[in-house]
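**Student:** Predicted model and sequence follow; I will ask about them next.
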Amino acid sequence: MRDSYLKTLSASELLEMTNHPKFCSLVLQEHAEVMDIPLRGTTSQSLRKENLKKNRFSNIPCWDHSRVIINARENLNFDVGDWDPSRQEVASEGNAETYIHANYVDGFKEISKYICAQTPLEDTWESFFKLIWEQQSQVIVSLTDIDRDHKKSYYLWTTPKGSETTFGSFLAEILDIREELSFTRTRVKITNKITDTSREITNFWFTDWPDNRIPTGMEEFVELRNNVNKEQSRLIKQAGDSSLTPGPIVVNCSTGTGWAGTFCAIDNAIEQLYKEKEVSVGEIVLKIRSQRHSSVYLPEQYAFCYLVLKYVILEEAKRLVELIKGLKSSERELCLCSRIWATVDAKEIIPVLLYRDIHRSLHAYKLPRVVVPVNIIRIYVISAFLLRRKDHSGVVETVWVLDSVQMCVFDLLAFSKRSTRWLAKNCLVFFRDNFLKTLCFTNFNKSSQLKLLRNMRNVRIHVYSELFSHIE
């Protein structure tokens, strides 16, 4: 692992860190270093006398350069990439009616995927709905449980189906309430009484995230995150080329910085892990903090990012294992499924296929009923991102899934004898009937790829677009 607090970790390195005996100390140190990095920008609008009453907490300011300006149509395409001092003048214009404690926050390689906002105060609900209306947001994420202090701020999400509530020039009607395992999904019809037009929004209310504490279940949080992104993707696809394309996902908690910032950080980190097979929690959090002041301010929130990523990696590994274990007995015989184990850490063991060298065991046009192994290869770490194995001398080698992104199915009978010998020397395989189920290169590079393709004869290739796609 690199020493920098902005280090980029592979899946196995992240598992190594989270399983380290001094994980808590490492996270505390890394979080403190990230918090100490100075950020450029001003917060003058949030400190104006007429706006102070709109801030839930006096010690949580709002950046000027990335803040959402309500009643300003020209601000809809506001770019919040790198900080630009010239934007500060634009964001500082207007009177108190344009102010709301909310900022644009980028997703992973997606400009302004979110708007992070504090939970509305009793008298700022109209501004909150103005933000939703002007930004064309259709997905809302609410992350704080009801308590005595905030009960009046959450009453909209607790009103029964069919009830109507007026917030200034907006009328909110509860269309449907659905209790999920980890959150409540509420469909709300918003009517702009000035224009006499209506839209629907969906609020995902996650109540297992108390202030200054960590949620009790990571599975529930990941389920929330997946459902939020699924709904946003559905709405974007449904909108097509229409003018009412869904705007940013509005993420709110009591401060709009703690758990709201953590939600965005974890979502971005999972995206990076899927797409780049590595992740930098420090860099992600730092960028979010540059757009939403005071985000992820608690070390517990920072640690939770790592713990959720660990959970995602292990769940994908287990799912891959279950897929392999689901093979029929005859297929298991071909696969030589046995009592070997994949060591994820010292305490957590996952049973997996017996991976063996296929030296002298593959035949070009005939697959033997039993493949006689030359030696046993123990997997050191298994994840759907990479496999690590120990060779005869005990040295850990990295085994990459083909293309590091895609899983393929090859027709084994189409391989020539020459390519079979090459495969036996360079690859690990899973078998299923007469098909090479999954191909993993131990030394995969462009030259190796070209060599493989040259040696194939009429090979049928079925490519799966996502790394974790199940093989049918």
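**Tutor:** On my side now, so go ahead. Numbers count the residues shown, from 1 in each chain.

**Student:** Please enumerate the helices of the stretch 1-150 of the chain.
**Tutor:** 11-18, 23-35, 44-47, 49-52, 85-92, 125-135 (DSSP state H, counting those that start in this stretch).

**Student:** which outside residues touch the second one?
**Tutor:** The set of residues that contact helix 23-35 without belonging to it, under CB atoms under 8 Å, 6 or more residues apart in numbering, is 5-6, 17, 20, 281-282, 285-286, 289, 296-297, 299, 302-303, 306. Any C-beta I mention is one placed from the backbone N, CA and C, and that applies to glycine too.

**Student:** what sits against residue 48?
**Tutor:** Contacts of residue 48 (CB under 8 Å, 6+ apart): 96, 99.

**Student:** separation between it and residue 57?
**Tutor:** 16 Å (CB to CB, to the nearest Å).

**Student:** Let me see the contact set for residue 249.
**Tutor:** 113, 114, 115, 137, 139, 140, 141, 228, 232.

**Student:** Can I get the residues you listed in a markdown table including distance to residue 178?
**Tutor:** A markdown table is the format used below for the contacts of residue 249 (distance: CB to CB, whole Å):
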| residue | distance to residue 178 |
| --- | --- |
| 113 | 24 |
| 114 | 23 |
| 115 | 24 |
| 137 | 20 |
| 139 | 15 |
| 140 | 15 |
| 141 | 15 |
| 228 | 14 |
| 232 | 17 |
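
**Student:** Would you mind writing the ChimeraX command to select the buried ones in those residues?
**Tutor:** A single ChimeraX command selects the buried members of the contacts of residue 249 (16 or more other CB atoms under 10 Å):
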select :113,114,115,137,139,140,141,228,232
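
**Student:** need the contacts of residue 249 in a markdown table with pLDDT, can you?
**Tutor:** Putting those into a markdown table (pLDDT from 0 to 100) gives the following:
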| residue | pLDDT |
| --- | --- |
| 113 | 98 |
| 114 | 99 |
| 115 | 99 |
| 137 | 98 |
| 139 | 98 |
| 140 | 98 |
| 141 | 97 |
| 228 | 98 |
| 232 | 98 |
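
**Student:** out of the contacts of residue 249, which one sits closest to residue 163?
**Tutor:** Using CB to CB, residue 140 comes nearest to residue 163 of these, at 17.3 Å.

**Student:** bridging residues for that closest one?
**Tutor:** residue 203, residue 250 (DSSP bridges).

**Student:** Surely it is in contact with residue 202?
**Tutor:** Yes - here residue 140 reaches residue 202: they are 7.0 Å apart, a contact under CB atoms under 8 Å.

**Student:** quick revisit: with distance to residue 269 and mean neighbour count as new columns, can the helices of the stretch 1-150 of the chain be given to me in CSV?
**Tutor:** Listed next are the helices of the stretch 1-150 of the chain as CSV, based on distance: least, CB to CB, whole Å; neighbours: other CB atoms under 10 Å:
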stretch, distance to residue 269, mean neighbour count
helix 11-18, 10, 20
helix 23-35, 14, 16
helix 44-47, 28, 18
helix 49-52, 33, 12
helix 85-92, 27, 14
helix 125-135, 24, 21
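
**Student:** Comparing those by mean pLDDT, which bottoms out?
**Tutor:** Mean pLDDT per stretch puts helix 85-92 lowest among those, at a mean of 40.

**Student:** ok, and the helix or strand in the protein with the lowest average confidence?
**Tutor:** For the chain, using mean pLDDT, DSSP states H and E, the weakest element among its helices and strands is strand 379-382, scoring a mean of 23.

**Student:** so the helix or strand containing residue 284 versus helix 11-18, what angle?
**Tutor:** For residue 284, the host element (DSSP states H and E) is helix 281-291. Angle, helix 281-291 to helix 11-18, by axes from the mean of the first three to the mean of the last three CA atoms, to 10 degrees: 80 degrees.

**Student:** So for helix 281-291, mean pLDDT?
**Tutor:** 98.

**Student:** and the angle from it to helix 23-35?
**Tutor:** 40 degrees.
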